[in-house]
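# based on what follows, work out the 3D shape:
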Amino acid sequence: MLRARCLLRALRSCSTAPCPRHRPFARLSVRDALGSQNASGERVKVQGWVRSVRSQKEVLFLHVNDGSSLESLQVVADSNFDNRELTFGSSVEVLGQLVQSPSKRQNVELKAEKIEVIGNCDAKKDL
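Presented below is the predicted three-dimensional model:
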């Protein structure tokens, strides 16, 4: 009986609002992400096409564009992401944190937590 009361009390105190530590990702266009003035780790979702992929020792850089801007959004990811499907032209959904960029070339960049390839583009196969 005591266990049931504790469970009911816990259920009543729960809210349907998302936990602040696990806020849902806000969907942004590339234009809105690039124009963001307050990039303090906001969790966002960006969808678009890969314009370039550059892999270094421990870091993977992607440039993603969705057609809303002439500029592309730089995505910084851990090199552990499986980059075999991340090729030029592939459509992706990137979930991560929008942060200030240390580079002077762009204001913000997206630190990827998850990269999902929606549709791959094999340039050699399509010729």
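
# first-to-last residue distance for stretch 97-106?
For stretch 97-106, the first and last residues are 15 Å from each other (CA to CA, to the nearest Å).

# average pLDDT across that stretch?
Averaged over stretch 97-106, pLDDT sits at 85.

# ditto for stretch 39-46
85.

# may I see the buried residues of that stretch?
Neighbour-count burial for stretch 39-46 flags 39, 42, 44, 45, 46 (criterion: 16 or more other CB atoms under 10 Å). Where C-beta positions appear, they are placed from N, C-alpha and C, glycine not excepted.

# can you give the distance of it from its chain's centre?
Relative to the centre of its chain, stretch 39-46 is centred 8 Å away, using CA atoms, centre = their mean, to the nearest Å.

# between the buried residues of stretch 39-46, which is closest to residue 103?
Nearest to residue 103, judged by CB to CB, of the buried residues of stretch 39-46 is residue 39 at 13.1 Å.

# related to what we said a few turns ago, what is the nearest of the buried residues of stretch 39-46 to residue 104?
Within the buried residues of stretch 39-46, the smallest distance to residue 104 is 15.0 Å, found for residue 39 (CB to CB).

# still on that earlier bit, ok, which pair from the buried residues of stretch 39-46 is furthest apart?
Maximum distance among these (CB to CB): 14.8 Å, for 39 and 45.
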